[in-house]
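Participant: sequence-free structure coming up:
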């Protein structure tokens, strides 16, 4: 069956360091992959989309890589700040219209 | 970016009652909206795809008679949890795509349902 796996353990890092989150998937051949941020009790907010033919995408302090051979995406936040503390979700398209989410990784950035 | 408004944000109800949740696209038209539910520290689970003017498409294992979806206009979809039971307590979130924004989803702020 199709699976999306994100590290369920919280990631704790020091302010100013780079946070790296991992998303692995099996039995999927997604056309694109997306990353979202979710704060407690709120709906997710879109961050970045990367397509299957793209290796890397950047937006300000964020960087996403997509390795379709490894079936893995890495999400990096450079110069992390306490305000970056949240849960980060990866999502893959299933078919044309549907988006399926991983369980998310909680990031805590400490001053 | 596009804005999706969801109401109410929190509802507490007695077992056996029905609860309606509204999802509105405020500044765009959404022919398709998606309903998810989320248990604590778990993934968003897609429940159904709501299509304007036609019947919703439900994911496997989701009871369509229990979770009634109506998408009567291009800016409004509603989810009604009928005869709610404590196991229906969850965080329900709607989302929509804005055609000009491509494949990204815009989410409402969610509804925390607690069934006593």
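Facilitator: Structure received. These numbers come from a predicted model, not from an experiment. Numbering: from 1, shown residues only, chains lettered A, B, ... in the order given.
Participant: pLDDT of stretch A:27-37, averaged?
Facilitator: The predicted model assigns stretch A:27-37 a mean pLDDT of 92.
Participant: So what touches that stretch?
Facilitator: Contacting residues not belonging to stretch A:27-37 are listed as A:1-4, A:23, A:44-52, A:62, A:64, A:66, A:68, A:71, A:73, A:75, A:86-94, A:99, A:101, B:103-105 [Cβ atoms under 8 Å, 6 or more residues apart in numbering or on different chains]. C-beta here means a position set from N, CA and C on the backbone, and glycine is covered the same way.
Participant: ok, now with 6 Å
Facilitator: A:2, A:44-52, A:66, A:73, A:75, A:86, A:88-93 (Cβ atoms under 6 Å, 6 or more residues apart in numbering or on different chains).
Participant: Produce a ChimeraX select command limited to the buried residues of those residues.
Facilitator: Buried subset of the contacts of stretch A:27-37, written as a ChimeraX selection, criterion 16 or more other Cβ atoms under 10 Å in any protein chain shown:
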select /A:44,45,46,47,48,49,50,66,73,75,86,88,89,90,91,92,93
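Participant: From the contacts of stretch A:27-37, which land in helices?
Facilitator: Among the contacts of stretch A:27-37, none falls in helices (DSSP state H).
Participant: OK, contacts around residue 59?
Facilitator: Chain wasn't specified; assuming chain A. Per Cβ under 6 Å, 6+ apart, neighbours of residue A:59: residue A:48.
Participant: that's the other chain; I wanted chain B
Facilitator: Each residue near residue B:59 by Cβ under 6 Å, 6+ apart is listed here: B:46-47.
Participant: run the last query once more with 7 Å
Facilitator: B:46-48 (Cβ atoms under 7 Å, 6 or more residues apart in numbering or on different chains).
Participant: pretty sure residue B:24 contacts residue B:74?
Facilitator: No. If you go by Cβ atoms under 7 Å, residue B:24 and residue B:74 don't touch, sitting 10.4 Å apart.
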